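Undergrad: Return a 3D structure for these sequence lines:
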Amino acid sequence: MDGLHLDPATLLIVNSTITLLVGLLFLTTWRQAPEVRALALWGAAHLVGAAGSAGLALRGQIPDLLSIGLSNAVVLSAYGLIWSGVRAFERRPPRVAVAMAGALVWCALCLIPDFYASLVLRIVYASAVATVYCGGAALEFWRGRGEWLASRITAAAVLGLHGAFYLVRIPSTLLAPPQLGTTPLASPWVAILCFVTMLFSIASAFTLMALVKERAEREQRVAASTDPLTGVRNRRAFAEAAHRALANRESGALLLLDLDRFKAVNDRHGHAVGDAVLVGFCAMATALLPPDAPLGRLGGEEFACFLPGASAAEALARAEELRRTFAGLAVPELPELRVSVSIGIAQTRDGIGFDALMRRADAALYVAKNSGRDRVAVAEIAAVRAA
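TA: Numbers count the residues shown, from 1 in each chain. Model (predicted):
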């Protein structure tokens, strides 16, 4: 019994169908998340690629100008759009014109009789373009690795391996030029290319969709733990960070900060100015505090910061620097605006919990407020004064 035989034209049609379905999947997902432009570009790339594969499958049945010239140009533009989509995902300009450059140069070269008549030259150029776009897309993912996403390396590997396949095809073609005989699609490279492209379409669908999902989940987690006005941690996120530090028995100090007479700022200058003061205070504090010191907004004009590993003297020096810098804030458009901050400090002790540490810092802050504001008070000293 003869085994099942799939001719190259059939494989190209199957490849076109799979690529079409992947493209529709990307576009359907894009309709649900229209802010993710990369999904639209990836969807367009796969639809365009499906059309190109269908044109290649009709080789010998339609004019060569369409099956060779136009269909290959369409396939090359699909790879360019994939690269463009990766750039969009990485929040870089998609540069669609660059994505189309490979296809446009192909069309120009096909107008040269010697190039159009040479199968080797056509394969080498098309493979080189696909290699550049796939390799470039993999490199774009690698450049963005500062944003940790679990599927990022996998996506870069899928694109890199696909580009490597085309790269290997170049010397293989030069060393062993294809002998097609009378059947245009008889080269074994056509069947190999179909299988590789099908695998690439399926793998890219899984990995690229996973990347979009992972980023969305990450942004939701960040939004849930971030104060929307100032961009620092909200109360819950700060408490969780402090709890982790204390659970690990990290030494350090808790700073409780309260902007003085903030209600008067809102009443006199308006809430827009008040919001600007809050944002400016957080920007200043973030710049002055160590990178590993979590800063959070507890509510209103009250903030907290945990200084890991800080001694009492270091915490006091940090607090004084924050107080002096904020008090020196000047807005030329509002010369009468005066701002200051009062700070309470509590040093960690063995076994102390977050709530107890907050109470001690709050008692110190109360002393700083009652001592005339624009002050720094330490919990131990505050306890003596309050006695």
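Undergrad: show me where the stretch 251-387 of the chain has strands.
TA: For the stretch 251-387 of the chain, applying DSSP state E, counting those that start in this stretch gives strands covering 252-259, 295-299, 302-308, 341-347, 376-378.
Undergrad: closest one to residue 10 among the ones you listed?
TA: Proximity to residue 10, assessed across these by C-beta to C-beta, is greatest for strand 295-299 (61.8 Å). For glycine as for every other residue, the C-beta is placed from the backbone atoms N, C-alpha and C.
Undergrad: Show me what that closest one is packed against.
TA: Applying 3 or more C-beta pairs under 8 Å, 6 or more residues apart in numbering; DSSP states H and E, one finds that strand 295-299 contacts helix 235-247, helix 271-288, strand 302-308.
Undergrad: Just say which of these is most tucked in.
TA: Ranked by mean neighbour count, these are led by strand 302-308 with a mean of 24 (mean count of other C-beta atoms under 10 Å).
Undergrad: Which other helices and strands does it contact?
TA: helix 235-247, strand 252-259, helix 271-288, strand 295-299, helix 312-327.
Undergrad: what sits against residue 133?
TA: By C-beta atoms under 8 Å, 6 or more residues apart in numbering, residue 133 lies in contact with 76, 79, 80, 82, 83, 99, 102, 163.
Undergrad: Just the closest of those residues to residue 203, please.
TA: residue 82 (12.4 Å).
Undergrad: Helix or strand: which one has the residue nearest to the closest one when sequence neighbours are not counted?
TA: For residue 82, the nearest residue in space outside its immediate sequence neighbours is residue 45; the separation is 4.6 Å by C-beta to C-beta, 6 or more residues apart in numbering. Under the criterion DSSP states H and E, the helix or strand holding residue 45 is helix 37-57.
Undergrad: That helix: how far from the chain's middle?
TA: Here the centre of helix 37-57 is set off from its chain's centre by 24 Å, with C-alpha atoms, centre = their mean, to the nearest Å.
Undergrad: thinking again about what came up before, could you dump the helices and strands packed on strand 302-308 to CSV with mean pLDDT and distance to residue 29?
TA: Output for the helices and strands packed on strand 302-308, formatted as CSV (pLDDT from 0 to 100; distance: least, C-beta to C-beta, whole Å):
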stretch, mean pLDDT, distance to residue 29
helix 235-247, 90, 30
strand 252-259, 95, 44
helix 271-288, 94, 35
strand 295-299, 95, 35
helix 312-327, 94, 46
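Undergrad: Could you single out the nearest of the contacts of residue 133 to residue 328?
TA: Looking across the contacts of residue 133 and measuring by C-beta to C-beta, the closest to residue 328 is residue 83, at 49.3 Å.
Undergrad: SS state for the closest one?
TA: helix (DSSP: H, G, I helix; E, B strand; the rest coil).
Undergrad: List the contacts of the nearest residue to residue 159 once chain neighbours are set aside.
TA: Sequence neighbours aside, residue 138 is the residue nearest to residue 159 in space, at 4.1 Å (criterion: C-beta to C-beta, 6+ apart). Applying C-beta under 8 Å, 6+ apart, we find residue 138 in contact with 156, 157, 159, 160, 163.
Undergrad: if we go to 7 Å?
TA: 156, 159, 160, 163 (C-beta atoms under 7 Å, 6 or more residues apart in numbering).
Undergrad: Quickly name whichever of those is closest to residue 209.
TA: residue 159 (14.5 Å).
Undergrad: What's the per-residue pLDDT of that closest one here?
TA: At residue 159, the model reports a pLDDT of 96.
Undergrad: Surely residue 158 and residue 202 touch.
TA: No - at 9.9 Å, residue 158 does not count as touching residue 202 under the criterion of C-beta atoms under 7 Å.
Undergrad: Looking at those two, which is more packed in?
TA: Per other C-beta atoms under 10 Å, whichever of residue 158 and residue 202 has more neighbours is residue 158, with 23 against 15.
Undergrad: burial count for the closest residue to that one other than its chain neighbours?
TA: Distance criterion C-beta to C-beta, 6+ apart; nearest residue to residue 158, sequence neighbours excluded, is residue 203 at 4.8 Å. If you count neighbours by other C-beta under 10 Å, residue 203 ends up with 17.
Undergrad: Now do the buried residues in stretch 81-99.
TA: By 16 or more other C-beta atoms under 10 Å, the buried positions in stretch 81-99 come out as 81-90, 94, 96, 99.
Undergrad: now the residues you listed in TSV, with distance to residue 108?
TA: Formatted as TSV, the buried residues of stretch 81-99 follow (distance: C-beta to C-beta, whole Å):
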residue	distance to residue 108
81	19
82	22
83	20
84	20
85	25
86	26
87	24
88	27
89	30
90	30
94	23
96	18
99	16
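Undergrad: from the residues you listed, which is closest to residue 14?
TA: Nearest member of these to residue 14, counting by C-beta to C-beta, is residue 82, at 20.1 Å.
Undergrad: Quote the end-to-end distance of stretch 328-339.
TA: For stretch 328-339, the first-to-last residue distance is 8 Å (C-alpha to C-alpha, to the nearest Å).
Undergrad: what's in contact with it?
TA: Under C-beta under 7 Å, 6+ apart, the answer for stretch 328-339 is 259, 265, 269, 273, 277, 280, 326.
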